[in-house]
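Student: next one to model:
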Amino acid sequence: MSVDPMLYETQFFGFTPQTCMLRIYIAFQDYLFETMLVVESVMLKKLDSIPGCKISPSQIRECTEKFLLFMKQHFDKLFAKMEEILLQLVLNIPKNVLLPEDRVQKQYPCSKEEFQALQDELQQLQQQYRAEAATEQALRAELEEQKIVTAELEKTLKCFDELENICRQHGVGNFKESFAFLTQCSKKLQDVLKDVEEKSKKIKQHD
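Tutor: Next comes the predicted model:
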């Protein structure tokens with residue numbers, strides 16, 4: 001069996017020529033074994049029909065195996081020659097033949113240095129793509145957060161609008177002014193409470 005990888009032929013045929021030859025060899029060998037079994041069975045039937053025959057089935061089997069070995073040895077020699085011819089003349093692509101899918105390489109030849117430069121550029125573009133994809137994912141996450149914040153702000157504004165409507169219904173003129181007034185009152189109350197707490201501490205210290 002040939003050890004040449006025959007990569008170009010494998011690309012064209014879709015299988016290695018060596019695999020093809022191996023299958024042919026196995027098919028021939030199986031056919032030879034089957035033929036010998038048929039011959040053996042015919043001989044046994046003929047011997048059974050001959051009265052007084054002293055040849056036993058075991059002797060027939062021994063002769064069959066010897067003949068099979070003889071045939072296999074000659075078959076292997078013949079097959080080696082056939083394999084050589086088929087691999088050279090049938091399953092071989094000449095050196096001057098270019099497959100259609102490889103014609104672009106002839107039109108646009110590329111040296112090893114140029115190919116390496118293209119590989120480096122491709123790797124750089126892949127890294128840029130990954131970085132842009134990560135940035136896009138981060139922007140999408142930020143956009144989702146902004147949507148959540150916007151929804152909360154809308155809820156808050158809606159709440160203020162409802163409070164303003166309630167104030168109008170109860171005779172309060174301007175909700176914004178009322179809210180500012182309440183804020184000032186709350187601050188004054190906090191200041192008074194703080195002053196009371198400080199005076200209370202001083203009284204406790206004096207006692």
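Student: next, count neighbours for residue 91.
Tutor: Residue 91: 21 surrounding residues under other CB atoms under 10 Å. Heads up, the C-betas are built off the backbone N, CA and C, glycines and all.
Student: residues contacting the residue nearest to it when sequence neighbours are not counted?
Tutor: Excluding its sequence neighbours, the residue lying closest to residue 91 (CB to CB, 6 or more residues apart in numbering) is residue 17, at 3.8 Å. Counting by CB atoms under 8 Å, 6 or more residues apart in numbering, residue 17 touches 2, 6, 9, 10, 86, 87, 91, 92.
Student: helices and strands of the chain: which one bottoms out on pLDDT?
Tutor: Least confident helix or strand, the chain: helix 103-107 with a mean of 69, by mean pLDDT, DSSP states H and E.
Student: pLDDT at residue 4, what is it?
Tutor: For residue 4, the model assigns a pLDDT of 64.
Student: show me how far the longest helix along the chain is from its chain's centre.
Tutor: Longest helix in the chain by number of residues (criterion: DSSP state H): helix 112-169. Chain-centre distance of helix 112-169: 29 Å, with CA atoms, centre = their mean, to the nearest Å.
Student: outline the domain layout of the protein.
Tutor: For the chain, the domain assignment from the TED database gives the residue ranges 7-97, 126-173, 174-206.
Student: so where's the chain uncertain?
Tutor: For the chain, the stretches flagged by pLDDT under 70 are 1-5, 104-108, 160, 163-164, 166-182, 185, 204-207.
Student: list the contacts of stretch 19-36.
Tutor: Residues from elsewhere that reach stretch 19-36 (CB under 8 Å, 6+ apart): 1-2, 13, 64, 67-68, 71-72, 75, 79, 83, 86-87, 91.
Student: how about it: buried residues?
Tutor: Within stretch 19-36, the residues scored as buried using 16 or more other CB atoms under 10 Å are 20, 21, 25, 36.
Student: quick one: name whatever helix or strand follows the helix or strand hosting the second one.
Tutor: Per DSSP states H and E, residue 21 falls inside helix 17-49. On the C-terminal side of helix 17-49, the closest following helix or strand by DSSP H and E is helix 57-85.
Student: for that following helix, packing partners?
Tutor: With contacts taken as 3 or more CB pairs under 8 Å, 6 or more residues apart in numbering; DSSP states H and E, helix 57-85 sits against helix 17-49.
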